[in-house]
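Novice: What shape does this take:
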Amino acid sequence: MPQKTAITAVQKMELSKLNPNEIQREMMGADLDLGKLVVYLKSQMLFDSTDRVIDVTVNRAIDGSSTVDLTLDDYDRAIIKSWAINAKLDIQIDGLWFRLVSVSKNASDDELKMTFEQREIALLRSYPKPDTTTYSIENAKKWVKWASRDKTTRAEFVLNLIREVKEIDIPVVIPHLHQVQNIAKTTDVSSKWTNPTVASSSGIPTDYNTQRTRKKTKSTKGKGGFAAIATMAGNVATQIENAISVQLTSKGVRMDKSQIANANTILTVGQNMGARRKVLVAGIMTAMQESNIQNLAGGDGTSVGLFQQIDTGWGSYSDRHDPATASRMFFNQCIQYDKDHPDVSFNDLCQGVQRSGHPTLYGQWRPEAERIVSAFGIPPGGEGNAATGGTPGSDSTTEGNAATANAMGQTWTMPGNDGSYYYYRGIPPTRNKGWWRREDNWTCIQRLASEVGWRAFFIGGVFYFLTDEDLFKTQPIATINEETQGIMGIGFDYDVGRKGATVDIPCQVGLWLAPPGSLVVLTDLGPLEGRWLVNTFTRSVFNPNADIQLIKPQPKLPEPATETFTLPTWAPGSANNVATATGPGTNQAVFGGMPGSNNADRKSVVAVAKYALAQQQKWPYKYAEARPYPKTLWSADAHTGTGIDCSSFVTLCYKEAGCADPNNADYDGQGWTGTLASSPNGKTVTAPHPGDIILYGDPPDYFHAALYIGSNQCIEIGGSAGIHQTNFPEYSNYAIRSFLPV
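Specialist: From the prediction side, this is the model:
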């Protein structure tokens, strides 16, 4: 199977340019045109000579803000007296915009230092809008924003902060926007035992079986073990004891560390690809049958690896023998086969991918595979169904939502809180200051990123929110050593004990094109060889040299298990206020940035449509008859990328509202007016109710779809008008399709 080619950092820069006909050099070229900058500054500050410009220094960084420091000679105080430094002053260098944020001057000279911050970051710092009035609850409501982790991912909350900016549109790259992340280990301090689901949510420890043997031995003796807890807590403790005492086996034999490591790889890859529990179980079953979960160097014919993939259709030997790549190739097919055959048995799901000459052997390993997947941290979600390959009463194919499966619905009680984990913007009260204080959006985003070891930065005006692991998977932008042209030397600080290091590279501008966040490879440097991230780039535009710092990746951290955040007493949803968020005007972000509208009912569908209509005013939607349509109404794809048309708009309104796909296609991105008309999920009615879908034209060739919102009004998308409101009926021939109970 052909593999996707990784996109290079240069291609990313080209794609992110506002002018697609130019390559974004990110101020790293030797041919910066400062003439336009000087002319602009002279017009704004009314100074008389180019000679006033002493220096222009560029500071780029993957952490924090990118800045330009402009040093001017203000010998006659003409610049200060111009009052220009009090205004919102923007400058443009090499296609990037910067905004004035500070001005300073030493008492001993005439040099005026003006610091300009990347404009997108400066704008994010201006939200929420500062209020100079005295503190009040009403002001605090403007500053504080929160979202429950049960309903929102960290990345979704960050995107909500980005979308608050109204002055400009900020393109984003957030690969894991809707992906639920693992939770750190959490301990109930009252009973001193660890929830096994949460504890194992980051993977199976390689000494899992050894630990289980020790714990089982200790728990059967005396009041200090699980017997004492069982006395106090009844069957709950007994169930916990049984769960952690179970050995993990493959084909009836206790798994060793290498088998557990391979299982972790399979499940991590599958989870990151969005595979549901049934597909993950099938992956373990397949590896168990084909290789006993061992990365075999060979097999029958050309078979190799965990899944014994052959050379026809499964890639190169190295790909098939690499556990992660082999797992990715398996799940590429298994996820699609599961989508095409959702009711197939576990055995036949494995066979549908492998096409083995022994098609009935996979099913026997299901119980062992189920235990492995549960130990990994993805518990079963419901009872079995014999028709789909399960056994009634067993852990089966019926799954809970992602939050439940990943222990994100944990409700460890915190003093003064409702028990949930919240993402929030704002500075909570302290002992000295008993009120909520303002935290700007950029500071909040950096805090949210650092809590889990992610990166939040800009390249070419595009905001990136991802992990170092994501960056290390991109195509390297350069391979360098001490002999590479333009490299003036390589210095480093390498700590063997902690395996950490930084590399400093003085280089010539114009021969270096690797902005912070891009990937380079070092060679011929012993233990320093390998992949590195560009951390900082510093240069003076009047000097041909620049200083580059490289860093090794920081570890990706799991979601914190607990948080001391306490909802304000006036907050909807707090223990002291039973009010709930009911519309887009409330100060609470939930899934997709749409508050109080994912209840799978008509009211929610209409609320989503109205919110999209409001979004149209500050970030227009792109109309395009494209398939597959975007995954969410709130993505950049819906606004500037793939685009949406009339049928995908009404479909996504249902998706954002938490409803079943009206096309009866599990939101596969392919629905259109014809599938809306024929779907068994709906029925044709004579009078519309809010949330119904109006199909215009004659059956079966309907040409347009709109969402009815009540009072003879619809919301739809069409052509250059984007999302807009229309009268019902808009055309004389139409059908009304109802997909929800009245």
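
Novice: Where does the prediction get shaky in the stretch 51-200 of the chain?
Specialist: The stretch 51-200 of the chain contains residues with pLDDT under 70 at 64, 83-87, 94-95, 131-142, 185-200.

Novice: the helices in it, which residues?
Specialist: Here the stretch 51-200 of the chain has its helices, by DSSP state H, counting those that start in this stretch, at 78-81, 119-125, 137-143, 154-162, 196-199.

Novice: ok, now the stretch 201-350 of the chain?
Specialist: Under DSSP H, counting those that start in this stretch, the stretch 201-350 of the chain gives helices at 208-218, 226-233, 235-245, 257-272, 277-291, 317-321, 323-340, 346-354.

Novice: For the last one, which outside residues touch it?
Specialist: This points to helix 346-354. Helix 346-354 has contacts (Cβ atoms under 8 Å, 6 or more residues apart in numbering) with 278-279, 281-282, 285-286, 289-290, 307, 330, 333-334, 337-338, 341, 344, 359-360, 362-363, 366, 389-390. C-betas here are computed from N, CA, C, even on glycine.

Novice: What's the PyMOL line that selects buried ones from those residues?
Specialist: Applying 16 or more other Cβ atoms under 10 Å to the contacts of helix 346-354 leaves a buried subset, and the PyMOL line that selects it is:
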select buried, resi 278+279+281+282+285+286+289+290+307+330+334+337+338+344+362+363+366+389+390
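
Novice: Residue 262 is in contact with residue 255, correct?
Specialist: No: in this structure residue 255 lies outside contact range of residue 262 using Cβ atoms under 8 Å: 9.2 Å.

Novice: Need the residues touching each of those two.
Specialist: residue 293.

Novice: Helix, strand or coil: sort out the nearest residue to residue 646 once chain neighbours are set aside for me.
Specialist: Leaving aside its sequence neighbours, residue 646 sits nearest to residue 705 (Cβ to Cβ, 6 or more residues apart in numbering; 4.4 Å). Under DSSP: H, G, I helix; E, B strand; the rest coil, residue 705 falls in the strand class.

Novice: wait, what's in contact with residue 705?
Specialist: 646, 647, 649, 650, 673, 676, 693, 694, 695, 696, 716.

Novice: Show me which of those is closest to residue 522.
Specialist: When the contacts of residue 705 are compared for distance to residue 522 (Cβ to Cβ), residue 649 wins out at 48.7 Å.

Novice: Which pLDDT value goes with the closest one?
Specialist: You'll see residue 649 listed with a pLDDT of 96.

Novice: Which strand or helix spans it?
Specialist: Assigning secondary structure by DSSP states H and E places residue 649 in helix 646-656.

Novice: Downstream of that helix, the next helix or strand is which one?
Specialist: Taking DSSP H and E, what comes next after helix 646-656 is helix 673-678.

Novice: Flag every buried residue along that next one.
Specialist: So for helix 673-678, counting by 16+ other Cβ under 10 Å, buried means 673, 675, 676, 677.

Novice: which of those residues lies closest to residue 164?
Specialist: residue 676 (33.5 Å).

Novice: I'd like the distance between that closest one and residue 560.
Specialist: 43 Å (Cβ to Cβ, to the nearest Å).

Novice: how about the buried residues of helix 673-678 in JSON lines, adding pLDDT and distance to residue 53?
Specialist: Output for the buried residues of helix 673-678, formatted as JSON lines (pLDDT from 0 to 100; distance: Cβ to Cβ, whole Å):
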{"residue": "673", "pLDDT": "94", "distance to residue 53": "60"}
{"residue": "675", "pLDDT": "95", "distance to residue 53": "62"}
{"residue": "676", "pLDDT": "96", "distance to residue 53": "62"}
{"residue": "677", "pLDDT": "95", "distance to residue 53": "66"}
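
Novice: between those residues, which is closest to residue 143?
Specialist: residue 676 (42.9 Å).

Novice: contacting residues for that closest one?
Specialist: Per Cβ under 8 Å, 6+ apart, neighbours of residue 676: 647, 650, 651, 662, 663, 682, 693, 695, 702, 705, 737.

Novice: Just among these, which is most surrounded?
Specialist: residue 650 (32 neighbours; other Cβ atoms under 10 Å).

Novice: my read: that one touches residue 707, true?
Specialist: Yes: between residue 650 and residue 707 there is a contact at 4.8 Å, judged by Cβ under 8 Å.

Novice: how about the helix holding residue 649: buried residues?
Specialist: 646, 647, 648, 649, 650, 651, 652, 653, 654, 655, 656.

Novice: Quick check: the gap between the fourth one and residue 361.
Specialist: Right, residue 649. Applying Cβ to Cβ to residue 649 and residue 361 gives a distance of 47 Å.

Novice: One more: residue 633?
Specialist: Applying Cβ to Cβ to residue 633 and residue 361 gives a distance of 45 Å.
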